[in-house]
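**Q** For reference, the sequence and a predicted model appear below.
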Amino acid sequence: MELKIPNTVMSQIDVARLIRELNNLEDFFTSVATRQSGTPMTPPRLSRTLDSLARSNKFNLLDKNQRGELNNKLDQVLKSAPLLHISFASEPSPQVMERILVWLRINIHPQTLVQVGLQPTIAAGCVLRTPNKIFDLSLRTRLKQQEPYLVTLIAGAAHGH
Amino acid sequence: MDTGGLILVIGLLLAATAAFIWLARKIGSSGSPDRQSKLPATGLENAASKDVEHIFNDEFREELRNRGRLHFEKIIGENAMFLQQDLRQTTSQLNDYMRSEITRTLQEEFKKYEQSIADAKKLALDSIDKTITTIEQQRQFLETQLQTQSEAQKARIVAAFETEMASIVNHYVLRAIGNQIDLSDQLEYILAELEANKPAILEDIKRGT
């Protein structure tokens, strides 16, 4: 079964952070097994993202096998999930990114990860880079494509049409 | 009066003058001693000679000579007067003739001069016409050339304007609204563009995977 990735996990950095968190949890349980009785132990605090991931995929993080399986699946995601680069003219808000990510995971791939970049020259819209292509969805390109129409309009105005 | 008439008058005057001179010489030579010494020395002649010498003595001869001189001077004076009159008339005629000749010559020269002026004027006018024609041709050529260059320049400017104008407008729009549009407002546009490119994105993702 394919791992359901929460919308708070957007990039490979988030996935790597989850893996690191799982490893810390694993280390904690290992140290618990080897501790002397009566030694006080402080369990690591789980992030909301890891908790959400475990809940949505029905993984019990207290179970060693399930932790391992989750770790493997996260490794698999890190290696094989499609990574898309999206550049905006300015820093996008989390709400905007979440809506775009939802659309991508519904329409493109459920495990899509994105890497956000900045290109102030595009003015508006975005530039999407897939493994082999660049989709320029910016206002700059849109205006450039419409240049002949603009020339036609101005020529018409100049000739009084 | 023509030239023949003038020559005839002058010839008559010269002939009259020559006749008077010949007559005067003739009269002068009849009383000379050489002539008397050549007469035959006869008795009659000697008597006559004596009478003659008696009648035509020196006083008488002197008287005759004086009277002859006076007569000659009178004739000379009269002829001189006639000559003077003829000369005046001739001078007057000559003046008239010269005036008419000079007038005619001047008129002919003036006619030639006028003709020359007319020819020069005609040449000048022809030259001016040719110059005007040449200038007109040059003007038309320059006008055509100028118009051609003007059209070419206009076309170049229009082409440059069409090429650069859209870029300038785009640049202006991007600069004007670049940082003014919130990403939340662009979201629908972005999602619509993603939707439009969905097949291509999917295809590339599958290929990349």
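**A** That came through fine. Numbers count the residues shown, from 1 in each chain, chains lettered A, B, ... in the order given.

**Q** hey, let's count contacts and neighbours off CA atoms from now on
**A** Fine.

**Q** Could you check how far the closest residue to chain B within chain A is from residue A:101?
**A** Closest approach between chain A and chain B, counting by CA to the nearest CA: residue A:123, at 4.0 Å. Using CA to CA, to the nearest Å, we find residue A:123 at a distance of 21 Å from residue A:101.

**Q** which sections of chain B are below the confidence cut-off?
**A** Counting by pLDDT under 70, chain B contains low-confidence ranges at B:1, B:29-42, B:52-53, B:178-180, B:208-209.

**Q** Check the offset of the one helix or strand residue B:131 maps to from the chain's centre.
**A** Using DSSP states H and E, residue B:131 sits in helix B:58-177. On the basis of CA atoms, centre = their mean, to the nearest Å, helix B:58-177 sits 5 Å off its chain's mean C-alpha point.

**Q** Could you do stretch A:68-76 as well?
**A** 17 Å.

**Q** swap in stretch B:169-179?
**A** Per CA atoms, centre = their mean, the centroid offset for stretch B:169-179 relative to its chain is 82 Å.

**Q** Only C-alpha atoms, please: export the helix ranked longest in chain A in CSV.
**A** For chain A, the helix with the greatest residue count under DSSP state H is helix A:12-34. Extracted in CSV, the C-alpha atoms of helix A:12-34 (Å, rounded to 0.1, in the frame of the first residue of the first chain):
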residue,chain,number,x,y,z
GLN,A,12,12.4,16.2,0.4
ILE,A,13,13.7,18.1,3.4
ASP,A,14,10.4,17.4,5.3
VAL,A,15,10.7,13.7,4.4
ALA,A,16,14.3,13.7,5.6
ARG,A,17,13.3,15.4,8.8
LEU,A,18,10.6,12.7,9.4
ILE,A,19,13.2,10.0,8.8
ARG,A,20,15.6,11.6,11.2
GLU,A,21,12.8,11.9,13.7
LEU,A,22,11.9,8.2,13.3
ASN,A,23,15.6,7.3,13.8
ASN,A,24,15.7,9.4,17.0
LEU,A,25,12.6,7.5,18.1
GLU,A,26,14.3,4.2,17.3
ASP,A,27,17.4,5.2,19.2
PHE,A,28,15.2,6.1,22.1
PHE,A,29,13.5,2.7,22.2
THR,A,30,16.9,1.0,21.9
SER,A,31,18.3,3.0,24.8
VAL,A,32,15.1,2.1,26.8
ALA,A,33,15.8,-1.6,26.3
THR,A,34,19.3,-1.3,27.6
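
**Q** List the buried residues for it?
**A** A:12, A:14-15, A:17-19, A:21-22, A:24-26, A:29, A:32 (16 or more other CA atoms under 10 Å in any protein chain shown).

**Q** measure stretch A:129-136 end to end?
**A** 8 Å.

**Q** Same question for stretch A:116-132.
**A** 17 Å.

**Q** residues in contact with that stretch?
**A** Identification of contacts with stretch A:116-132 by CA atoms under 8 Å, 6 or more residues apart in numbering or on different chains yields A:83-91, A:134-141, B:174-175, B:177-179, B:181, B:183, B:186-187, B:189-190, B:201, B:204-205, B:208.

**Q** What subset of the residues you listed is buried?
**A** Using 16+ other CA under 10 Å, the buried ones in the contacts of stretch A:116-132 are A:83-90, A:135-141, B:174, B:178, B:183, B:186-187, B:189-190, B:201, B:205.

**Q** Tell me if I am right that residue A:58 is in a helix.
**A** No. Judged by DSSP: H, G, I helix; E, B strand; the rest coil, residue A:58 forms no part of a helix; its state is coil.

**Q** Can you tell me how far it is from residue A:157?
**A** From residue A:58 to residue A:157 the distance is 66 Å (CA to CA).

**Q** For residue A:15, list the residues it contacts.
**A** Counting by CA under 8 Å, 6+ apart, the residues that residue A:15 touches are A:9, A:74, A:77-78.

**Q** helix or strand for residue A:115, which one?
**A** Residue A:115 belongs to strand A:113-118, assigned by DSSP H and E.
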